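# below are the sequence and a predicted model; questions follow.
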Amino acid sequence: MKLRSLLVLLLTVAPACLVDTSDDFLDEDDEMVGETSQASLSTNGMSLNGMSLNGMSLNGMSLNGMSLNGMSLNGMSLNGMSLNGMSLNGTLLGGTRSGLPISGAGLVGTQLNGTLSNGSTLLLRVDSAVTLPAPNTDVWAYGVSYALAGGSWSTLCGLSGGVPILALPLAGTWSNASGVAGGGAWTTSATAFTFGCRGTALAKCVELGYKPWKTVGSTLLRNHHQACTRMLRADYCGNGKSWTVNGTLINVYDSKGIQADATSWHTDAEWVSSGAKCVDSARVLQPGEPSCFVQLRNNHSCGSFDHGALLIDEYNG
């Protein structure tokens, strides 16, 4: 399985230059992850994990190995009028139009430019903007579509039950490399952000409560969110390689009181932003074994926060 291409939005302002493309990819894992998005989240840490980091489903287009490297807000427009001073506050996109502030649902109809890895551009459109249900009423999610040749549009994150899957904008960028140093890593940026489709790791970790822009006590949850993306994808070695089997139910908890340990299941691993700190008896995985398992099994007794873990997960094995 391959990581889904990352959609990065560059927070800059300049005249637009729109170029149509004619490429696309989709596989069954994206559809499955999307279908489980509503059932996979709860307040007691239960989560159906999956392989997809971001979950872009470019139906009707063939990227032929290309990825979405960025989406520029240069010339971002609404009803033919330019939007200026774009910013991202948590997951709330905002800017100004004709000197007046505009954000959230006011951005419906806005068109943006995405940049593919070959330098060509992809036109996208914000179709909806809503806040999520409790306990995530502070999180904005957006329906996003992209332009196809001939003037039609297709949903960026695919469909669940015939309804477009929404996406959460998150500051910074993630590497979509797999099995190499730096794979899956987050990079800070004052001018770029990434859309994470609901039901995939980037968005699910936010909905589990690990909101990277928030603090609990004096602790910013940025590293908790990144550790969560490693955990949900079973990226034990911290190199972007997912070892999980889609749909495996795990119990997630932390020492900050965000998610509590409500089960007596088997410990899988302790997690930090760079991957696992130790592994006990791993959950159901793909064939083979991560190269780091010998070291992780010998690091220390696994299942506590005594050695600096941010998150721990368990499985019902």
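Perfect, I can see it now.

# from here on, contacts and neighbour counts on C-alpha atoms
Fine.

# quick one: low-confidence parts of the stretch 1-150 of the chain?
Along the stretch 1-150 of the chain, segments meeting pLDDT under 70 span 1-76, 83, 115-119.

# rerun at 90
Within the stretch 1-150 of the chain, the segments meeting pLDDT under 90 span 1-88, 94-102, 107, 109-124, 145-150.

# just the stretch 151-300 of the chain next, same as before
Across the stretch 151-300 of the chain, residues meeting the criterion (pLDDT under 90) sit at 151, 154-159, 169-178, 187-197, 199-200, 244-249, 262-264, 281-288, 298-300.

# which residues in it form strands?
In the stretch 151-300 of the chain, strands defined by DSSP state E, counting those that start in this stretch lie at 153-155, 159-160, 163-164, 167-171, 173-174, 186-187, 192-197, 215-216, 219-220, 249-254, 266-272, 275-279, listed in chain order.

# pick the most buried one from those strands.
Ranked by mean neighbour count, the strands of the stretch 151-300 of the chain are led by strand 192-197 with a mean of 27 (mean count of other Cα atoms under 10 Å).

# returning to that earlier point: ok, which of the strands of the stretch 151-300 of the chain comes nearest Cys237?
strand 275-279 (5.5 Å; Cα to Cα).

# who's in contact with the closest one?
Contact with strand 275-279 is made by 227, 230-231, 235-239, 267-271, 293, 295-302, 309, as judged by Cα atoms under 8 Å, 6 or more residues apart in numbering.

# show me those residues that map onto helices.
If you go by DSSP state H, the contacts of strand 275-279 have 227, 230-231, 293, 295-299 in helices.

# among the residues you listed, which ones are buried?
Buried members of these, counted by 16 or more other Cα atoms under 10 Å: 227, 230-231, 293, 296-297.

# any chance of the residues you listed in JSON lines with distance to Gly158 as columns?
Below are these laid out as JSON lines (distance: Cα to Cα, whole Å):
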{"residue": "Ala227", "distance to Gly158": "26"}
{"residue": "Arg230", "distance to Gly158": "23"}
{"residue": "Met231", "distance to Gly158": "24"}
{"residue": "Phe293", "distance to Gly158": "35"}
{"residue": "Leu296", "distance to Gly158": "37"}
{"residue": "Arg297", "distance to Gly158": "38"}
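
# follow-up on the earlier one: same list, the ones in helices among the contacts of strand 275-279, but as JSON lines with distance to Val130 please.
Shown next, in JSON lines, are those (distance: Cα to Cα, whole Å):
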{"residue": "Ala227", "distance to Val130": "27"}
{"residue": "Arg230", "distance to Val130": "27"}
{"residue": "Met231", "distance to Val130": "28"}
{"residue": "Phe293", "distance to Val130": "42"}
{"residue": "Gln295", "distance to Val130": "45"}
{"residue": "Leu296", "distance to Val130": "42"}
{"residue": "Arg297", "distance to Val130": "44"}
{"residue": "Asn298", "distance to Val130": "46"}
{"residue": "Asn299", "distance to Val130": "44"}
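
# turn the strands of the stretch 151-300 of the chain into CSV, including distance to Val130.
Listed next are the strands of the stretch 151-300 of the chain as CSV, based on distance: least, Cα to Cα, whole Å:
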stretch, distance to Val130
strand 153-155, 16
strand 159-160, 17
strand 163-164, 13
strand 167-171, 10
strand 173-174, 23
strand 186-187, 26
strand 192-197, 14
strand 215-216, 23
strand 219-220, 25
strand 249-254, 27
strand 266-272, 31
strand 275-279, 32
